[in-house]
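Engineer: can't give you the sequence, but here's the structure:
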């Protein structure tokens, strides 16, 4: 009964992809054109697929390193054992082992001082 030690990947979209997807939603809802700088920040293949309503998770795997930040969470420990023809499993992890990601939303919501 050796424990299994493993890590889990956690993905978030890059700020460039988030900005492009926001502009794409704006294009579809209000007809506002996508700024050239946002389209140039991503590979041309990714932009053309996103314009065709392809989900970011369905993009070619070679594009994932450009459009996702991936962090490995863990280590997690799992142990399995058998008793009376039943297999039991216990998993151990930290309560809050998720590292903070840079949020594209927080960067755009900078606090401004209000003078009364």
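Structural biologist: Looks like it arrived, so ask away. Source: prediction; values computed, not measured.
Engineer: next, the buried residues of stretch 52-64.
Structural biologist: For stretch 52-64, the neighbour count (16 or more other Cβ atoms under 10 Å) marks 56, 59, 63 as buried. Where you see a C-beta, it was placed from the backbone N, CA and C, and this is true even at glycine.
Engineer: my bad, stretch 29-38
Structural biologist: Counting neighbours by 16+ other Cβ under 10 Å, one finds that the buried residues in stretch 29-38 are 34, 38.
Engineer: one more: stretch 38-50?
Structural biologist: For stretch 38-50, burial by neighbour count (16+ other Cβ under 10 Å) applies to 38, 39, 41, 42, 46, 47, 49, 50.
Engineer: ditto for stretch 18-28
Structural biologist: For stretch 18-28, burial by neighbour count (16+ other Cβ under 10 Å) applies to 18, 19, 20, 21, 23, 24.
Engineer: chain center to it: distance?
Structural biologist: In this view, stretch 18-28 has its centroid 17 Å away from the chain centroid, taken as Cα atoms, centre = their mean, to the nearest Å.
Engineer: where's the closest residue to residue 35 other than its chain neighbours, which helix or strand?
Structural biologist: Setting aside the residues directly before and after it, residue 35 is nearest to residue 23 in space (Cβ to Cβ, 6 or more residues apart in numbering), at 6.5 Å. Under DSSP states H and E, the secondary-structure element containing residue 23 is helix 15-30.
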